[in-house]
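In: Give me the fold of what follows.
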Amino acid sequence: MTAVKKRRKAVVEESACVACGCCVKVCRPGAIEVVRGTTARVNPQRCVGCGLCARECPASVITLQEVAP
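Out: Residues are numbered from 1 along each chain as shown. Prediction:
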């Protein structure tokens, strides 16, 4: 039996985001951008699931969610 490693991706609760840009500054793969100065948005194809953005978010609106491999 082989263990399946679960992948994680960052997800922003856009309605509660304050668009401060802290997550953008710490995102090494450049997977997050602030859209129209109102909310952050994650590009799931670039997100590596490291969690740096979630730890840095002062509004605590970024979470890591498991995705299918």
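
In: Name the SS class of the closest residue to Gly51 other than its chain neighbours, please.
Out: Spatially, and ignoring its direct neighbours in sequence, Gly51 is nearest to Leu64 (5.5 Å; Cβ to Cβ, 6 or more residues apart in numbering). Every C-beta, even on glycine, is put in place using the N, C-alpha and C of the backbone. What DSSP: H, G, I helix; E, B strand; the rest coil gives for Leu64 is strand.

In: Tell me, how many residues neighbour Leu64?
Out: Around Leu64 there are 16 other residues, counting by other Cβ atoms under 10 Å.

In: Pairing partners for it in the sheet, please.
Out: Note on Leu64: beta-bridge partners by DSSP bridges are Ala10.

In: Next one: it from Val34, what distance?
Out: 19 Å (Cβ to Cβ, to the nearest Å).

In: now Val11
Out: The value you get for Val11 to Val34, if Cβ to Cβ is used, is 16 Å.

In: With Ser60 instead?
Out: 17 Å.

In: Among these two, which residue is more densely surrounded?
Out: When Ser60 and Val34 are compared for neighbours, Val34 comes out ahead with 15 against 10, by other Cβ under 10 Å.

In: Please, where are all the strands along this protein?
Out: 7-12, 32-35, 39-42, 62-67 (DSSP state E).

In: What's the separation between the residue positioned nearest the centre of the chain and Thr63?
Out: Centroid check for the chain by Cα atoms, centre = their mean gives Ala10 as the closest residue, at 3.0 Å. Distance of Ala10 to Thr63, given as Cβ to Cβ: 7 Å.

In: Need the overlap of contacts for these two.
Out: Ala54 (Cβ atoms under 8 Å, 6 or more residues apart in numbering).

In: show me where pLDDT drops low in the protein?
Out: Low-confidence segments of the chain (pLDDT under 70): 1-5, 69.
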